[in-house]
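In: Sequence below, structure please.
(2 chains)
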Amino acid sequence: DQQVKQNSPSLSVQEGRISILNCDYTNSMFDYFLWYKKYPAEGPTFLISISSIKDKNEDGRFTVFLNKSAKHLSLHIVPSQPGDSAVYFCAAAVYGQNFVFGPGTRLSVLP
Amino acid sequence: ETGVTQTPRHLVMGMTNKKSLKCEQHLGHNAMYWYKQSAKKPLELMFVYSLEERVENNSVPSRFSPECPNSSHLFLHLHTLQPEDSALYLCASSPNEGGTYEQYFGPGTRLTVT
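Out: Have a look, this model is predicted:
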């Protein structure tokens, strides 16, 4: 039973537009969330985090939104660039321990 | 050298071999992790070390044996593996202090068991 789900295996977006990547979780105890991106033949790269005391966190072109009642978080990338093409993973943990990762969404940003 | 490094990057081994994967972090972090990523599966946490003490073992078979001699180095000793153990093995580290839990990953070791 997957505790962290990313229901879209892939997403294509035009350069300059917004990319929205979604993540759902089932464990209401999760209180810390991370987003990573991964290029082929590289390890995941940390992008942005959010704790459950917030509902939004922003870092440059990346914004993460958390909806605790819906057990849903999303990553917005604005504007999308071709270099953003990668696999994006969300991860969740209780007290920052033992993160559970989603299966990933492959983002393709088309020039 | 900075960040998290892993060696070797690729490894092919037979089922009767013994080999070790090495991870080194240059970030001054307190915690280190081993993850396994199999094809079309999410990252699976294998082992967690905090301040050089193992704090988590997610029911990993005994043919995988971790070692953390100090806060900068982490090993994964492999013996009598099975073909289904072929996967990408990722090492990560995190500060785990002051409410900062982000994990920083190495490039991984692609393991093939024949």
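
In: Okay, now the unreliable bits of chain B?
Out: Across chain B, the ranges flagged by pLDDT under 70 are B:1-2.

In: can you give me the strands in it?
Out: B:4-7, B:10-13, B:18-25, B:31-37, B:44-50, B:53-57, B:64-70, B:73-79, B:87-94, B:104-105, B:109-113 (DSSP state E).

In: and the third one, what other elements does it pack with?
Out: Looking back up the chat, that one is strand B:18-25. Strand B:18-25 makes packing contacts with strand B:4-7, strand B:10-13, strand B:31-37, strand B:73-79, strand B:87-94 when contacts are defined by 3 or more Cβ pairs under 8 Å, 6 or more residues apart in numbering or on different chains; DSSP states H and E. C-beta: built from backbone N, CA, C; applies to glycine.

In: quick revisit: in JSON lines, list the strands of chain B along with mean neighbour count.
Out: Shown next, in JSON lines, are the strands of chain B (neighbours: other Cβ atoms under 10 Å in any protein chain shown):
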{"stretch": "strand B:4-7", "mean neighbour count": "18"}
{"stretch": "strand B:10-13", "mean neighbour count": "14"}
{"stretch": "strand B:18-25", "mean neighbour count": "19"}
{"stretch": "strand B:31-37", "mean neighbour count": "23"}
{"stretch": "strand B:44-50", "mean neighbour count": "20"}
{"stretch": "strand B:53-57", "mean neighbour count": "12"}
{"stretch": "strand B:64-70", "mean neighbour count": "15"}
{"stretch": "strand B:73-79", "mean neighbour count": "18"}
{"stretch": "strand B:87-94", "mean neighbour count": "24"}
{"stretch": "strand B:104-105", "mean neighbour count": "21"}
{"stretch": "strand B:109-113", "mean neighbour count": "18"}
